[in-house]
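S.K.: okay, here's the prediction I keep looking at, along with the sequence it came from:
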Amino acid sequence: MAIRAHFLFLVGYIVQCAGNQCSDSTGTCSSLPRASLMQTKSMKKQALSAVEAASTRTQTLAGYKEYVNSLVETYTQGRKADGSDISQAIDTILSYIDSMYADLLTWHNSDVEETAHCAIQEVINTCEATHLNSTVKQQFETDYQEVDLKRQDHRLCRENCNAETCGGDVSPSCLDYHSYRKTNNLALYTAQVACANNPDPPGKLGDSYISTDDQTKLGEMERCLQDAKVWLDPLYEKYSNCDDDTTTCTSCKPDCDGKQEAFENAHCQVDLQRDIHCSGFDACYSAKTTSCSSTTCPPIEIRSNARRADNETGELIRCLLKWLPSNATETEKDRDTRYAELANCNVKGNAKLDSSFWNIDCLDENHPTTPPHDHACGDVAQPCADPFLEFEYESSVTGLGLEKYDAGQYASNYNMINQCKDCGIITGVYSTANEGAVNGRSESNPTR
């Protein structure tokens with residue numbers, strides 16, 4: 001009689017609990033009863049004061065689990081616990097779990113939707129749309145092209161302003177010499193004196209050919225010597241005429257100085273605009289990831305953990321009820337199978353319950369603290385940082401191969417760059433030049 005009384009108490013608890021269970025919102029429990037369970041009140045008219053303690057979904061599930069565990073214990077001990085009340089209670093439990101799952105899924109989807117703006121790529125996309133959108137990047141491209149034009153204009157001026165050519169002050173004889181050596185194939189040694197390269201240089205003008213007693217080799221050397229004279233005579237004559245010229249350089253250096261300043265100023269303007277937009281992008285990224293990690297994600301994590309735990313409890317209850325006998329007739333083999341499956345229900349792994357669905361990755365714990373940048377926001381050496389001077393002016397590979405500025409020597413030294421003017425107005429994150437700033441930039445456009 002004691003066991004029977006215990007079952008009746010739990011059955012009454014379950015039926016009344018189903019009737020009074022609160023509706024649960026995403027994070028709170030309303031005082032209104034769950035509409036889908038209101039109909040279950042008619043299943044049992046008696047009420048027990050103990051049900052008032054079951055005011056949350058977790059507490060309700062705990063009561064259901066306790067009741068089902070008592071049924072399992074009764075069954076595994078070989079006793080019977082049947083009756084319309086028990087059957088009615090089991091139906092109530094399964095109905096509740098089904099309804100609960102639908103609610104859990106709704107709340108889960110709502111939280112997933114809320115976390116969408118915290119996905120790192122979404123944060124990046126949002127901040128780019130404001131600070132580095134296609135219009136801004138296109139303007140960068142236009143500005144880069146303008147910087148390139150001024151760079152080439154300055155470089156051409158420096159190349160033509162030296163002790164030999166003197167830019168715009170060059171004499172006709174020197175213009176003729178430089179034009180001939182730069183544009184006329186007759187001035188090219190390897191083309192006009194090919195015999196000197198066959199075999200490998202010095203070819204047929206080598207020592208072994210010049211000092212030979214072999215008449216064949218001697219003839220080849222002398223024919224090659226004639227080719228060399230045809231190549232050398234006009235080139236040397238034009239060179240000699242230019243070398244004798246006494247024209248002095250009076251204006252090319254000031255002209256190049258102005259072009260240098262125009263190039264550096266254009267470079268600084270691009271740096272300033274890039275600094276404004278890229279720093280804005282960084283601030284946007286930092287603010288959004290901070291808000292997600294401190295405000296949005298913690299409560300969602302708490303709710304998702306609670307839903308996962310409640311779902312696991314519900315599935316455990318469902319598993320136990322699945323393997324309890326529905327009637328009193330069963331074979332010994334059936335009973336052995338049920339005993340084993342009931343035991344497995346309490347082992348999470350054997351119950352084959354995958355709860356990973358309820359996990360919500362609100363903000364990747366390994367998200368970068370510094371936002372990833374595309375080509376618009378790389379480290380760029382500004383005028384007049386050492387990497388800039390090396391890349392633009394001093395390097396013979398990427399620059400002009402000129403010497404560092406020296407105030408005492410500049411006026412008479414045509415192989416020297418003028419004093420650089422830096423971007424003193426830029427103070428943002430991207431204004432700090434570093435030794436690695438030049439790395440990764442293309443030679444055709446080192447501002448990018």
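M.R.: Happy to help now that I have it.
S.K.: what ranges do the helices span in the stretch 1-150 of the chain?
M.R.: For the stretch 1-150 of the chain, applying DSSP state H, counting those that start in this stretch gives helices covering 2-20, 57-76, 84-115, 120-131, 134-160.
S.K.: tell me which residue is most central in the chain.
M.R.: The chain has Pro372 as the residue nearest its centroid, 4.2 Å off, counting by C-alpha atoms, centre = their mean.
S.K.: quick one, phi/psi of it?
M.R.: Per-residue torsions, Pro372: phi -70, psi 140 (degrees, to the nearest 10).
S.K.: that one and Asn346, how far apart?
M.R.: Going from Pro372 to Asn346 by C-beta to C-beta, to the nearest Å gives 47 Å. For glycine as for every other residue, the C-beta is placed from the backbone atoms N, C-alpha and C.
S.K.: any regions of the stretch 301-448 of the chain where pLDDT drops low?
M.R.: Along the stretch 301-448 of the chain, segments meeting pLDDT under 70 span 326-329, 347-352, 374-375, 425-448.
S.K.: OK, contacts around Ile120?
M.R.: Ile120 makes contact with 289, 363-364, 367-368, according to C-beta atoms under 8 Å, 6 or more residues apart in numbering.
S.K.: rerun that using 7 Å as the cut-off
M.R.: 364, 367 (C-beta atoms under 7 Å, 6 or more residues apart in numbering).
S.K.: next: the one 10 residues further on.
M.R.: The neighbourhood of Thr130, defined by C-beta under 7 Å, 6+ apart, consists of Cys284.
S.K.: and it, how far from Phe281?
M.R.: 8 Å.
S.K.: overlap of the contact sets of the two?
M.R.: With C-beta under 7 Å, 6+ apart, Thr130 and Phe281 have no common neighbours.
S.K.: buried set for the biggest helix by length in the chain?
M.R.: Criterion DSSP state H: the longest helix present in the chain is helix 252-291. Using 16 or more other C-beta atoms under 10 Å as the test for burial, helix 252-291 gives 252-253, 256-257, 259-261, 263-264, 266-272, 274-275, 277-282, 284-285, 288-289.
S.K.: again with stretch 121-136
M.R.: 123-124, 127-128, 131-132, 136.
S.K.: which stretch of helix or strand covers the nearest residue to Ile97 once chain neighbours are set aside?
M.R.: Leaving out its chain neighbours, the residue that sits closest to Ile97 by C-beta to C-beta, 6 or more residues apart in numbering is Gly314, at 4.4 Å. Taking DSSP states H and E as the criterion, Gly314 maps to helix 297-323.
S.K.: following that helix, which helix or strand comes up?
M.R.: Downstream of helix 297-323 (by DSSP H and E), the next one is helix 332-345.
S.K.: what about dumping the CA coordinates of that following helix to PDB?
M.R.: Provided in PDB are the C-alpha atoms of helix 332-345 (Å, rounded to 0.1, in the frame of the first residue of the first chain):
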ATOM      1  CA  GLU A 332      12.000 -13.300 -20.300                       C
ATOM      2  CA  LYS A 333      14.100 -12.200 -23.400                       C
ATOM      3  CA  ASP A 334      12.000  -9.100 -23.700                       C
ATOM      4  CA  ARG A 335      12.600  -8.300 -20.100                       C
ATOM      5  CA  ASP A 336      16.300  -8.800 -20.300                       C
ATOM      6  CA  THR A 337      16.400  -6.500 -23.300                       C
ATOM      7  CA  ARG A 338      14.400  -3.800 -21.500                       C
ATOM      8  CA  TYR A 339      16.700  -4.000 -18.400                       C
ATOM      9  CA  ALA A 340      19.700  -3.500 -20.600                       C
ATOM     10  CA  GLU A 341      18.200  -0.600 -22.600                       C
ATOM     11  CA  LEU A 342      16.900   1.100 -19.400                       C
ATOM     12  CA  ALA A 343      20.400   1.000 -18.000                       C
ATOM     13  CA  ASN A 344      21.800   2.400 -21.200                       C
ATOM     14  CA  CYS A 345      19.400   5.300 -21.000                       C
END
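S.K.: how far does that helix sit from its chain's centre?
M.R.: 53 Å (C-alpha atoms, centre = their mean, to the nearest Å).
S.K.: and that helix, what's buried?
M.R.: Neighbour-count burial for helix 332-345 [16+ other C-beta under 10 Å]: 338, 341-342, 345.
S.K.: out of the residues you listed, who's nearest Thr76?
M.R.: Leu342 (6.9 Å; C-beta to C-beta).
S.K.: list the contacts of that closest one.
M.R.: Counted by C-beta under 7 Å, 6+ apart, Leu342 has contacts 72, 76, 320, 323.
S.K.: what's the ChimeraX line that selects buried ones from those?
M.R.: Buried residues among those (16+ other C-beta under 10 Å), as a ChimeraX selection:
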select :72,320,323
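S.K.: a markdown table please, covering the contacts of Leu342 and showing distance to Glu222.
M.R.: Converted to a markdown table, the contacts of Leu342 look like this (distance: C-beta to C-beta, whole Å):
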| residue | distance to Glu222 |
| --- | --- |
| Val72 | 114 |
| Thr76 | 117 |
| Leu320 | 110 |
| Trp323 | 110 |
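S.K.: picking that back up, what's the neighbour count on the residue nearest to Ile97?
M.R.: Counted by other C-beta atoms under 10 Å, the residues lying close to Gly314 total 22.
S.K.: what distance do you get for it to Val68?
M.R.: 11 Å.
S.K.: could you do His277 as well?
M.R.: From His277 across to Val68, the span is 62 Å (C-beta to C-beta).
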